[in-house]
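In: quick one: sequence plus predicted model below, questions after.
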Amino acid sequence: MNGNDYNMYEDEMEIDLIDLMFYLMRQWKTLIVAIVIGALVGGGIYVVKKRSYDQSAMPVQETEEEKETLDDYVVDPDVKANMELAYQYRQLYWKQLEYNQKSVIMQLDPNAVYTGELKYYMTAGDDTGLISILYQNILGNRDLLTELQEVSQLDCSPSYIQELISCSVNTEKDSQININNVVSNTSESAVPVEKNSVITYTVVSINEASCEQMLQIIREKVEELNLECEENYEEYSALEVNNAVRLLTNNDYLNKQRAHIDQLSSYLNNIRNLEAAFEGDDLHYYNLMYLSREEEEDIEESQELLGEAEETPAAPPDPVKWLVIGIFLLCVCWGGYYMLKYLLDKHIKTGDEIRSYQLALIGYLEGHGPEYKGLNAKIEAMRRKTREKADTEEYVAASLDALDAHDILICGNRKDEEVQQVMESLKSRCAHLELSDYPGQDSGALERAGDKAIVFMVHLGATTRAELRRELEVCRMQGIKVLGAVVI
(Lines give C-alpha, C1' and ligand atoms only; values in the text may rest on other atoms or scores of the structure.)
Protein backbone atom coordinates (compact mmCIF):
# COMPACT_ATOMS: atom_id res chain seq x y z
CA MET A 1 0.00 0.00 0.00
CA ASN A 2 1.59 3.27 -1.12
CA GLY A 3 1.53 6.46 0.86
CA ASN A 4 -0.83 8.08 -1.64
CA ASP A 5 -3.45 5.41 -1.04
CA TYR A 6 -4.12 6.09 2.63
CA ASN A 7 -6.87 8.59 1.86
CA MET A 8 -8.81 6.15 -0.31
CA TYR A 9 -10.79 4.55 2.52
CA GLU A 10 -14.51 5.10 2.63
CA ASP A 11 -15.86 7.56 5.16
CA GLU A 12 -19.34 6.02 5.22
CA MET A 13 -19.95 3.09 7.55
CA GLU A 14 -21.48 0.00 5.96
CA ILE A 15 -23.91 -1.87 8.21
CA ASP A 16 -23.58 -5.65 8.30
CA LEU A 17 -27.21 -6.73 8.66
CA ILE A 18 -26.30 -10.26 9.72
CA ASP A 19 -24.02 -8.98 12.47
CA LEU A 20 -26.76 -6.56 13.55
CA MET A 21 -29.29 -9.41 13.67
CA PHE A 22 -27.13 -11.52 15.97
CA TYR A 23 -26.39 -8.46 18.08
CA LEU A 24 -30.12 -7.96 18.62
CA MET A 25 -30.62 -11.67 19.32
CA ARG A 26 -28.05 -11.51 22.13
CA GLN A 27 -30.26 -8.88 23.83
CA TRP A 28 -33.06 -11.42 24.33
CA LYS A 29 -33.16 -10.81 28.08
CA THR A 30 -34.01 -7.14 27.66
CA LEU A 31 -36.53 -8.11 24.95
CA ILE A 32 -38.38 -10.22 27.51
CA VAL A 33 -38.36 -7.25 29.90
CA ALA A 34 -39.73 -5.02 27.11
CA ILE A 35 -42.52 -7.54 26.38
CA VAL A 36 -43.50 -7.65 30.06
CA ILE A 37 -43.51 -3.85 30.31
CA GLY A 38 -45.47 -3.63 27.05
CA ALA A 39 -48.06 -6.05 28.43
CA LEU A 40 -48.36 -3.91 31.56
CA VAL A 41 -48.74 -0.76 29.48
CA GLY A 42 -51.37 -2.40 27.25
CA GLY A 43 -53.18 -3.66 30.33
CA GLY A 44 -53.16 -0.17 31.83
CA ILE A 45 -54.60 1.31 28.63
CA TYR A 46 -57.28 -1.39 28.63
CA VAL A 47 -58.24 -0.57 32.23
CA VAL A 48 -58.58 3.14 31.38
CA LYS A 49 -60.64 2.35 28.27
CA LYS A 50 -62.84 -0.08 30.19
CA ARG A 51 -63.48 2.45 32.92
CA SER A 52 -64.37 5.10 30.35
CA TYR A 53 -66.70 2.65 28.59
CA ASP A 54 -68.45 1.76 31.86
CA GLN A 55 -68.90 5.42 32.74
CA SER A 56 -70.33 6.21 29.29
CA ALA A 57 -72.80 3.34 29.56
CA MET A 58 -74.08 4.27 33.02
CA PRO A 59 -75.76 7.59 32.10
CA VAL A 60 -77.78 5.85 29.37
CA GLN A 61 -79.17 3.37 31.87
CA GLU A 62 -79.84 6.12 34.38
CA THR A 63 -81.62 8.19 31.73
CA GLU A 64 -83.91 5.30 30.83
CA GLU A 65 -84.77 4.82 34.51
CA GLU A 66 -85.45 8.53 34.96
CA LYS A 67 -87.73 8.51 31.92
CA GLU A 68 -89.77 5.72 33.44
CA THR A 69 -90.17 7.69 36.68
CA LEU A 70 -91.24 10.79 34.71
CA ASP A 71 -93.95 9.00 32.75
CA ASP A 72 -96.39 9.74 35.59
CA TYR A 73 -95.33 13.39 35.85
CA VAL A 74 -98.21 15.73 34.90
CA VAL A 75 -97.23 18.76 32.85
CA ASP A 76 -99.46 21.77 32.28
CA PRO A 77 -100.97 21.52 28.77
CA ASP A 78 -99.76 25.01 27.80
CA VAL A 79 -96.24 24.22 29.04
CA LYS A 80 -96.21 20.93 27.16
CA ALA A 81 -97.38 22.70 24.00
CA ASN A 82 -94.45 25.11 24.37
CA MET A 83 -92.14 22.14 24.84
CA GLU A 84 -93.37 20.62 21.59
CA LEU A 85 -92.96 23.95 19.84
CA ALA A 86 -89.44 24.47 21.23
CA TYR A 87 -88.44 20.99 20.11
CA GLN A 88 -89.80 21.63 16.60
CA TYR A 89 -87.87 24.91 16.41
CA ARG A 90 -84.77 22.98 17.42
CA GLN A 91 -85.23 20.59 14.51
CA LEU A 92 -85.73 23.49 12.13
CA TYR A 93 -82.66 25.19 13.55
CA TRP A 94 -80.41 22.14 13.00
CA LYS A 95 -81.70 21.67 9.45
CA GLN A 96 -81.15 25.33 8.64
CA LEU A 97 -77.67 25.22 10.19
CA GLU A 98 -76.78 22.17 8.10
CA TYR A 99 -78.04 23.93 4.98
CA ASN A 100 -76.05 27.09 5.74
CA GLN A 101 -72.89 25.03 6.22
CA LYS A 102 -73.25 22.82 3.14
CA SER A 103 -75.22 24.92 0.66
CA VAL A 104 -73.36 26.10 -2.41
CA ILE A 105 -75.26 29.39 -2.44
CA MET A 106 -73.81 30.26 0.97
CA GLN A 107 -70.30 29.75 -0.45
CA LEU A 108 -70.70 32.06 -3.44
CA ASP A 109 -69.38 35.60 -3.57
CA PRO A 110 -72.35 37.69 -4.76
CA ASN A 111 -69.97 40.26 -6.25
CA ALA A 112 -68.21 37.68 -8.44
CA VAL A 113 -70.68 35.12 -9.78
CA TYR A 114 -69.67 33.29 -12.95
CA THR A 115 -72.81 32.56 -14.95
CA GLY A 116 -72.84 30.32 -18.02
CA GLU A 117 -75.65 30.18 -20.58
CA LEU A 118 -76.30 27.46 -23.16
CA LYS A 119 -79.24 28.13 -25.50
CA TYR A 120 -80.88 25.90 -28.15
CA TYR A 121 -83.53 26.59 -30.77
CA MET A 122 -85.64 23.42 -31.19
CA THR A 123 -88.60 22.57 -33.38
CA ALA A 124 -90.44 19.25 -33.68
CA GLY A 125 -93.89 20.09 -35.01
CA ASP A 126 -96.67 18.72 -32.80
CA ASP A 127 -94.10 16.99 -30.57
CA THR A 128 -92.33 20.22 -29.60
CA GLY A 129 -93.96 20.40 -26.16
CA LEU A 130 -93.13 16.79 -25.33
CA ILE A 131 -89.49 17.10 -26.36
CA SER A 132 -89.18 20.35 -24.41
CA ILE A 133 -90.03 18.37 -21.28
CA LEU A 134 -87.28 15.87 -22.17
CA TYR A 135 -84.82 18.75 -22.38
CA GLN A 136 -85.85 19.92 -18.92
CA ASN A 137 -85.60 16.41 -17.44
CA ILE A 138 -81.88 16.24 -18.31
CA LEU A 139 -81.06 18.29 -15.19
CA GLY A 140 -82.78 15.78 -12.92
CA ASN A 141 -80.35 12.98 -13.77
CA ARG A 142 -78.41 11.86 -10.67
CA ASP A 143 -75.30 10.93 -12.65
CA LEU A 144 -75.30 14.38 -14.25
CA LEU A 145 -75.38 16.06 -10.83
CA THR A 146 -72.42 13.94 -9.71
CA GLU A 147 -70.40 14.92 -12.79
CA LEU A 148 -71.26 18.59 -12.34
CA GLN A 149 -70.20 18.45 -8.68
CA GLU A 150 -66.81 16.95 -9.61
CA VAL A 151 -65.96 19.70 -12.11
CA SER A 152 -67.46 22.55 -10.06
CA GLN A 153 -64.54 22.44 -7.56
CA LEU A 154 -67.06 22.85 -4.73
CA ASP A 155 -67.00 20.85 -1.51
CA CYS A 156 -70.64 19.76 -1.34
CA SER A 157 -72.91 16.83 -2.08
CA PRO A 158 -74.32 16.47 -5.63
CA SER A 159 -77.83 17.34 -4.41
CA TYR A 160 -76.77 20.92 -3.64
CA ILE A 161 -75.61 21.38 -7.25
CA GLN A 162 -79.28 21.65 -8.25
CA GLU A 163 -79.25 25.15 -6.75
CA LEU A 164 -76.71 26.21 -9.40
CA ILE A 165 -78.40 24.91 -12.53
CA SER A 166 -81.70 25.71 -14.20
CA CYS A 167 -83.53 25.24 -17.48
CA SER A 168 -86.14 27.56 -18.97
CA VAL A 169 -88.29 26.92 -22.06
CA ASN A 170 -89.88 29.64 -24.16
CA THR A 171 -92.31 28.22 -26.72
CA GLU A 172 -93.82 29.87 -29.78
CA LYS A 173 -97.37 28.70 -30.39
CA ASP A 174 -99.42 28.63 -33.58
CA SER A 175 -103.19 28.28 -33.97
CA GLN A 176 -104.93 25.26 -35.51
CA ILE A 177 -108.54 24.36 -36.24
CA ASN A 178 -110.02 22.14 -33.55
CA ILE A 179 -110.82 18.85 -35.38
CA ASN A 180 -113.54 17.93 -32.89
CA ASN A 181 -115.41 21.11 -33.70
CA VAL A 182 -115.25 20.36 -37.46
CA VAL A 183 -116.62 16.88 -36.99
CA SER A 184 -119.46 18.08 -34.78
CA ASN A 185 -120.27 20.91 -37.23
CA THR A 186 -119.93 23.45 -34.47
CA SER A 187 -118.27 26.78 -34.66
CA GLU A 188 -114.54 26.69 -35.33
CA SER A 189 -112.17 27.68 -32.51
CA ALA A 190 -108.43 28.28 -32.60
CA VAL A 191 -106.32 25.90 -30.47
CA PRO A 192 -102.73 26.96 -29.69
CA VAL A 193 -100.14 24.37 -30.80
CA GLU A 194 -96.45 24.56 -29.90
CA LYS A 195 -94.34 24.91 -33.05
CA ASN A 196 -90.82 25.68 -31.70
CA SER A 197 -89.02 26.30 -28.40
CA VAL A 198 -86.02 28.21 -27.15
CA ILE A 199 -84.41 26.15 -24.37
CA THR A 200 -81.95 27.93 -22.10
CA TYR A 201 -79.63 26.18 -19.61
CA THR A 202 -78.04 28.36 -16.95
CA VAL A 203 -75.20 27.32 -14.60
CA VAL A 204 -73.45 29.22 -11.84
CA SER A 205 -69.99 28.51 -10.43
CA ILE A 206 -67.08 30.03 -8.51
CA ASN A 207 -64.73 30.49 -11.48
CA GLU A 208 -64.77 30.63 -15.24
CA ALA A 209 -63.02 27.29 -15.86
CA SER A 210 -65.44 25.22 -13.79
CA CYS A 211 -68.39 27.08 -15.31
CA GLU A 212 -67.25 26.17 -18.84
CA GLN A 213 -66.76 22.54 -17.82
CA MET A 214 -70.26 22.37 -16.36
CA LEU A 215 -71.70 23.74 -19.60
CA GLN A 216 -69.72 21.15 -21.58
CA ILE A 217 -71.17 18.29 -19.54
CA ILE A 218 -74.72 19.58 -20.17
CA ARG A 219 -73.92 19.98 -23.89
CA GLU A 220 -72.85 16.32 -24.06
CA LYS A 221 -76.14 15.22 -22.47
CA VAL A 222 -78.09 17.36 -24.95
CA GLU A 223 -76.20 15.78 -27.86
CA GLU A 224 -77.21 12.33 -26.61
CA LEU A 225 -80.83 13.47 -26.49
CA ASN A 226 -80.51 14.92 -30.01
CA LEU A 227 -79.43 11.57 -31.42
CA GLU A 228 -82.42 9.83 -29.87
CA CYS A 229 -84.89 12.49 -31.07
CA GLU A 230 -83.53 12.48 -34.63
CA GLU A 231 -84.21 8.75 -34.80
CA ASN A 232 -87.73 8.91 -33.32
CA TYR A 233 -89.18 12.23 -34.62
CA GLU A 234 -89.18 13.14 -38.31
CA GLU A 235 -89.80 16.89 -37.91
CA TYR A 236 -87.24 17.29 -35.11
CA SER A 237 -84.29 19.68 -35.42
CA ALA A 238 -82.21 21.53 -32.84
CA LEU A 239 -79.59 24.24 -33.16
CA GLU A 240 -77.26 25.69 -30.53
CA VAL A 241 -77.63 29.47 -30.70
CA ASN A 242 -75.69 30.74 -27.68
CA ASN A 243 -72.86 29.64 -25.40
CA ALA A 244 -71.36 32.23 -23.08
CA VAL A 245 -69.78 32.61 -19.63
CA ARG A 246 -69.94 35.98 -17.87
CA LEU A 247 -68.81 37.42 -14.54
CA LEU A 248 -71.76 39.19 -12.89
CA THR A 249 -72.71 40.87 -9.65
CA ASN A 250 -75.88 39.12 -8.57
CA ASN A 251 -77.72 40.61 -5.61
CA ASP A 252 -80.20 37.73 -5.65
CA TYR A 253 -77.59 35.46 -4.08
CA LEU A 254 -76.74 38.10 -1.48
CA ASN A 255 -80.43 38.36 -0.57
CA LYS A 256 -80.72 34.58 -0.32
CA GLN A 257 -77.70 34.40 1.95
CA ARG A 258 -79.08 37.09 4.23
CA ALA A 259 -82.48 35.39 4.31
CA HIS A 260 -80.98 32.04 5.36
CA ILE A 261 -78.87 33.71 8.05
CA ASP A 262 -81.85 35.66 9.35
CA GLN A 263 -83.94 32.49 9.39
CA LEU A 264 -81.29 30.71 11.46
CA SER A 265 -81.17 33.60 13.92
CA SER A 266 -84.98 33.64 14.16
CA TYR A 267 -85.12 29.93 15.04
CA LEU A 268 -82.43 30.41 17.70
CA ASN A 269 -84.26 33.33 19.31
CA ASN A 270 -87.51 31.37 19.42
CA ILE A 271 -85.75 28.43 21.05
CA ARG A 272 -84.15 30.62 23.70
CA ASN A 273 -87.40 32.42 24.50
CA LEU A 274 -89.40 29.22 24.83
CA GLU A 275 -86.80 27.26 26.84
CA ALA A 276 -86.18 30.18 29.20
CA ALA A 277 -89.71 29.73 30.55
CA PHE A 278 -89.06 26.13 31.69
CA GLU A 279 -88.05 25.83 35.33
CA GLY A 280 -87.62 23.16 38.00
CA ASP A 281 -89.32 19.86 37.27
CA ASP A 282 -90.60 21.16 33.94
CA LEU A 283 -87.04 21.84 32.78
CA HIS A 284 -85.92 18.41 33.98
CA TYR A 285 -88.84 16.81 32.14
CA TYR A 286 -88.02 18.77 28.96
CA ASN A 287 -84.35 17.75 29.06
CA LEU A 288 -85.12 14.06 29.49
CA MET A 289 -88.17 13.67 27.28
CA TYR A 290 -87.29 16.02 24.41
CA LEU A 291 -83.61 16.93 24.26
CA SER A 292 -82.58 13.28 24.67
CA ARG A 293 -84.38 12.61 21.36
CA GLU A 294 -81.70 14.60 19.52
CA GLU A 295 -78.97 12.31 20.84
CA GLU A 296 -80.94 9.23 19.80
CA GLU A 297 -81.53 10.68 16.33
CA ASP A 298 -77.82 11.48 15.97
CA ILE A 299 -76.99 7.85 16.81
CA GLU A 300 -79.50 6.57 14.26
CA GLU A 301 -78.16 8.89 11.54
CA SER A 302 -74.57 7.79 12.16
CA GLN A 303 -75.62 4.15 11.95
CA GLU A 304 -77.44 4.79 8.68
CA LEU A 305 -74.31 6.34 7.25
CA LEU A 306 -72.39 3.23 8.24
CA GLY A 307 -75.01 1.02 6.61
CA GLU A 308 -76.23 -0.55 9.86
CA ALA A 309 -79.87 -1.59 9.88
CA GLU A 310 -80.25 -1.93 13.64
CA GLU A 311 -79.04 0.04 16.60
CA THR A 312 -75.99 -1.67 18.09
CA PRO A 313 -74.25 -0.54 21.28
CA ALA A 314 -70.60 0.35 21.24
CA ALA A 315 -68.42 -2.71 21.76
CA PRO A 316 -66.41 -2.85 24.99
CA PRO A 317 -62.63 -2.56 24.64
CA ASP A 318 -60.79 -5.78 23.76
CA PRO A 319 -58.03 -6.64 26.27
CA VAL A 320 -56.11 -8.77 23.75
CA LYS A 321 -56.01 -5.88 21.29
CA TRP A 322 -54.49 -3.47 23.81
CA LEU A 323 -52.04 -6.07 25.11
CA VAL A 324 -50.80 -6.62 21.54
CA ILE A 325 -50.55 -2.87 20.94
CA GLY A 326 -48.62 -2.32 24.18
CA ILE A 327 -46.19 -5.17 23.47
CA PHE A 328 -45.70 -4.02 19.87
CA LEU A 329 -44.93 -0.43 20.90
CA LEU A 330 -42.41 -1.50 23.55
CA CYS A 331 -40.74 -3.92 21.12
CA VAL A 332 -40.41 -1.10 18.58
CA CYS A 333 -38.82 1.11 21.24
CA TRP A 334 -36.52 -1.76 22.27
CA GLY A 335 -35.42 -2.40 18.68
CA GLY A 336 -34.91 1.31 18.01
CA TYR A 337 -32.78 1.72 21.14
CA TYR A 338 -30.42 -1.18 20.37
CA MET A 339 -30.16 -0.32 16.68
CA LEU A 340 -29.17 3.22 17.63
CA LYS A 341 -26.70 1.84 20.17
CA TYR A 342 -25.22 -0.43 17.50
CA LEU A 343 -24.90 2.41 14.98
CA LEU A 344 -23.29 4.76 17.50
CA ASP A 345 -20.72 2.15 18.56
CA LYS A 346 -17.37 3.36 17.15
CA HIS A 347 -15.59 0.00 17.40
CA ILE A 348 -14.72 -2.05 14.33
CA LYS A 349 -17.07 -5.02 14.25
CA THR A 350 -16.39 -6.95 11.01
CA GLY A 351 -13.54 -7.67 8.63
CA ASP A 352 -15.41 -5.86 5.88
CA GLU A 353 -14.79 -2.60 7.73
CA ILE A 354 -11.02 -3.27 7.46
CA ARG A 355 -11.36 -3.68 3.71
CA SER A 356 -13.24 -0.37 3.50
CA TYR A 357 -9.93 1.31 4.52
CA GLN A 358 -8.24 -0.27 1.50
CA LEU A 359 -6.23 -2.53 3.82
CA ALA A 360 -5.34 -6.05 2.80
CA LEU A 361 -6.69 -8.65 5.22
CA ILE A 362 -3.65 -10.87 5.76
CA GLY A 363 -5.28 -13.21 8.25
CA TYR A 364 -8.42 -13.75 10.31
CA LEU A 365 -7.74 -15.32 13.73
CA GLU A 366 -10.39 -16.65 16.08
CA GLY A 367 -10.18 -14.86 19.41
CA HIS A 368 -11.40 -15.99 22.77
CA GLY A 369 -13.91 -13.16 23.04
CA PRO A 370 -16.40 -12.82 25.90
CA GLU A 371 -17.53 -16.01 27.56
CA TYR A 372 -21.12 -16.74 26.57
CA LYS A 373 -23.37 -19.15 28.43
CA GLY A 374 -26.71 -20.77 27.79
CA LEU A 375 -28.74 -19.35 24.93
CA ASN A 376 -26.11 -16.67 24.18
CA ALA A 377 -23.54 -19.42 23.56
CA LYS A 378 -25.82 -21.02 20.96
CA ILE A 379 -26.43 -17.64 19.32
CA GLU A 380 -22.68 -16.99 19.18
CA ALA A 381 -22.10 -20.43 17.63
CA MET A 382 -24.66 -19.62 14.95
CA ARG A 383 -23.01 -16.25 14.32
CA ARG A 384 -19.57 -17.85 13.85
CA LYS A 385 -21.00 -20.17 11.21
CA THR A 386 -22.15 -17.20 9.14
CA ARG A 387 -18.72 -15.50 9.27
CA GLU A 388 -15.72 -16.34 7.10
CA LYS A 389 -13.69 -19.28 8.38
CA ALA A 390 -10.87 -18.32 10.77
CA ASP A 391 -7.25 -18.95 9.84
CA THR A 392 -4.67 -20.74 12.00
CA GLU A 393 -1.69 -18.94 13.48
CA GLU A 394 0.61 -21.13 11.37
CA TYR A 395 -1.14 -19.94 8.21
CA VAL A 396 -0.94 -16.28 9.26
CA ALA A 397 2.77 -16.66 10.16
CA ALA A 398 3.45 -18.26 6.78
CA SER A 399 1.58 -15.41 5.06
CA LEU A 400 3.73 -12.85 6.90
CA ASP A 401 6.93 -14.69 5.88
CA ALA A 402 5.76 -14.69 2.26
CA LEU A 403 5.33 -10.90 2.16
CA ASP A 404 7.83 -8.86 0.16
CA ALA A 405 9.48 -7.33 3.23
CA HIS A 406 12.55 -8.28 5.25
CA ASP A 407 11.63 -6.46 8.45
CA ILE A 408 7.98 -6.37 9.52
CA LEU A 409 6.74 -4.46 12.52
CA ILE A 410 3.41 -5.78 13.77
CA CYS A 411 1.62 -3.01 15.68
CA GLY A 412 -1.27 -3.34 18.08
CA ASN A 413 -2.62 -2.33 21.45
CA ARG A 414 -0.24 -4.29 23.72
CA LYS A 415 -2.35 -3.39 26.75
CA ASP A 416 -4.97 -5.76 25.35
CA GLU A 417 -3.95 -9.16 26.76
CA GLU A 418 -5.46 -11.11 23.87
CA VAL A 419 -3.70 -8.91 21.29
CA GLN A 420 -0.39 -9.22 23.17
CA GLN A 421 -0.74 -13.00 23.36
CA VAL A 422 -1.44 -13.37 19.64
CA MET A 423 1.41 -11.02 18.67
CA GLU A 424 3.93 -12.99 20.76
CA SER A 425 2.69 -16.27 19.30
CA LEU A 426 3.20 -14.91 15.75
CA LYS A 427 6.67 -13.58 16.64
CA SER A 428 7.73 -17.02 17.80
CA ARG A 429 6.84 -18.36 14.35
CA CYS A 430 8.40 -15.51 12.28
CA ALA A 431 12.11 -14.77 12.65
CA HIS A 432 11.98 -11.30 11.05
CA LEU A 433 8.85 -10.10 12.91
CA GLU A 434 9.04 -7.44 15.63
CA LEU A 435 6.34 -6.28 18.03
CA SER A 436 5.34 -2.69 18.73
CA ASP A 437 2.55 -0.42 19.95
CA TYR A 438 0.70 1.74 17.43
CA PRO A 439 3.05 4.36 15.91
CA GLY A 440 0.48 7.06 16.44
CA GLN A 441 0.43 6.39 20.18
CA ASP A 442 4.10 5.71 20.97
CA SER A 443 7.02 7.86 19.82
CA GLY A 444 9.42 4.92 20.20
CA ALA A 445 7.26 2.79 17.96
CA LEU A 446 7.16 5.62 15.40
CA GLU A 447 10.99 5.77 15.30
CA ARG A 448 11.29 2.00 14.91
CA ALA A 449 8.77 1.99 12.08
CA GLY A 450 10.75 4.41 9.95
CA ASP A 451 12.61 1.77 7.87
CA LYS A 452 10.21 -1.14 8.32
CA ALA A 453 6.90 -2.28 6.88
CA ILE A 454 3.90 -2.30 9.22
CA VAL A 455 1.14 -4.82 9.81
CA PHE A 456 -1.72 -3.68 12.05
CA MET A 457 -3.25 -6.03 14.62
CA VAL A 458 -6.99 -5.18 14.83
CA HIS A 459 -9.14 -6.60 17.60
CA LEU A 460 -12.81 -6.60 16.56
CA GLY A 461 -15.00 -5.00 19.18
CA ALA A 462 -11.98 -3.37 20.89
CA THR A 463 -10.22 -1.32 18.20
CA THR A 464 -12.12 1.80 17.19
CA ARG A 465 -12.40 3.19 13.69
CA ALA A 466 -10.93 6.48 14.89
CA GLU A 467 -7.78 4.68 16.15
CA LEU A 468 -7.23 2.85 12.88
CA ARG A 469 -7.88 6.00 10.84
CA ARG A 470 -5.39 7.90 12.99
CA GLU A 471 -2.68 5.26 12.47
CA LEU A 472 -3.20 5.34 8.72
CA GLU A 473 -2.89 9.15 8.71
CA VAL A 474 0.36 8.96 10.70
CA CYS A 475 1.81 6.36 8.34
CA ARG A 476 0.83 8.45 5.34
CA MET A 477 2.50 11.57 6.71
CA GLN A 478 5.71 9.66 7.66
CA GLY A 479 5.83 7.67 4.42
CA ILE A 480 5.63 4.36 6.26
CA LYS A 481 4.66 1.34 4.20
CA VAL A 482 1.62 -0.57 5.45
CA LEU A 483 1.25 -4.19 4.28
CA GLY A 484 -2.17 -4.90 5.69
CA ALA A 485 -3.91 -6.07 8.85
CA VAL A 486 -4.38 -9.18 10.93
CA VAL A 487 -7.82 -9.37 12.51
CA ILE A 488 -8.73 -11.06 15.77
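Out: Yes, it's here. Numbering: from 1, shown residues only.
In: strands along the stretch 101-250 of the chain, start to end?
Out: All strands of the stretch 101-250 of the chain, identified by DSSP state E, counting those that start in this stretch, fall at 113-123, 165-177, 190-205, 237-248.
In: same question for the third one, mean pLDDT?
Out: Model confidence over strand 190-205, given as mean pLDDT, is 75.
In: can we start the residue count at 22 from this point?
Out: OK, 22 is where the count begins now, so the last one is strand 211-226.
In: contact partners of stretch 340-354?
Out: If you take C-beta atoms under 8 Å, 6 or more residues apart in numbering as the criterion, stretch 340-354 is touched by 52, 55-56, 58-67, 70. For the C-beta atoms, the positions are set from N, CA and C on the backbone; glycine is no exception.
In: list the buried ones in it?
Out: 343, 344, 347, 348, 350, 351 (16 or more other C-beta atoms under 10 Å).
In: kindly report the same for stretch 454-468.
Out: Across stretch 454-468, burial judged by 16+ other C-beta under 10 Å covers 454, 455, 456, 457, 458, 459, 460, 461, 466, 467.
In: so where is the protein shaky, pLDDT-wise?
Out: Residues of the chain that meet the criterion pLDDT under 70 lie in 22-35, 77-93, 193-215, 314-335, 389-391, 409.
In: hmm, try it at 50
Out: Applying pLDDT under 50 to the chain flags the ranges 23-25, 27-30, 81, 196-212, 323-324, 326-333.
In: pop the domain breakdown of it in here.
Out: 24-35+370-508, 38-127+276-368, 133-269 (automatic domain parsing).
In: for the shortest one, what is the distance to the chain centroid?
Out: Its chain's average C-alpha position is 44 Å from that of domain 133-269, according to C-alpha atoms, centre = their mean, to the nearest Å.
In: contact partners for residue 262?
Out: 140, 141, 142, 219.
In: grab the nearest non-local neighbour of the second one.
Out: Nearest residue to residue 141 in three dimensions, chain neighbours excluded: residue 220, at 4.7 Å (C-beta to C-beta, 6 or more residues apart in numbering).
In: got phi/psi on residue 385?
Out: The phi and psi values for residue 385, taken as degrees, to the nearest 10, are phi -130, psi 110.
In: got a list of what it touches?
Out: Neighbouring residues of residue 385 by C-beta under 8 Å, 6+ apart: 372, 409, 410, 411, 412, 507, 508.
In: so how far is residue 231 from it?
Out: To residue 231, residue 385 is 72 Å away according to C-beta to C-beta, to the nearest Å.
In: what's the answer for residue 135, then?
Out: Counting by C-beta to C-beta, the gap from residue 135 to residue 231 is 8 Å.
In: repeat for residue 290
Out: Going from residue 290 to residue 231 by C-beta to C-beta gives 38 Å.
In: between the two, which one's more packed in?
Out: Ranked by neighbour count (other C-beta atoms under 10 Å), residue 290 and residue 231 place residue 231 first, with 20 against 11.
In: surely the more buried one is in contact with residue 171?
Out: No - in this structure, residue 231 is not within contact of residue 171 by C-beta atoms under 8 Å, at 9.8 Å.
In: buried residues, the helix or strand hosting residue 100. List them.
Out: Taking DSSP states H and E as the criterion, residue 100 maps to helix 98-123. By 16+ other C-beta under 10 Å, the buried positions in helix 98-123 come out as 101, 103, 104, 107, 108, 110, 111, 113, 114, 117.
In: ok, stretch 415-428 next?
Out: Neighbour-count burial for stretch 415-428 flags 417, 418, 420, 421, 424, 426 (criterion: 16+ other C-beta under 10 Å).
In: pull up the gap between the first one and residue 382, please.
Out: For residue 417, the distance to residue 382 under the criterion C-beta to C-beta works out to 11 Å.
In: what of the fourth one?
Out: Shown here: residue 421 relative to residue 382, a distance of 13 Å by C-beta to C-beta.
In: residue 232 contacts residue 136, doesn't it?
Out: Yes - here residue 232 reaches residue 136: they are 7.3 Å apart, a contact under C-beta under 8 Å.
In: which residues do the two both contact?
Out: Shared contacts of residue 232 and residue 136 (C-beta under 8 Å, 6+ apart): 224, 225, 266.
In: reformat the residues you listed as JSON lines; add distance to residue 439.
Out: Formatted as JSON lines, the shared contacts of residue 232 and residue 136 follow (distance: C-beta to C-beta, whole Å):
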{"residue": "224", "distance to residue 439": "86"}
{"residue": "225", "distance to residue 439": "86"}
{"residue": "266", "distance to residue 439": "86"}
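In: I'm done for today, thanks for sticking with me.
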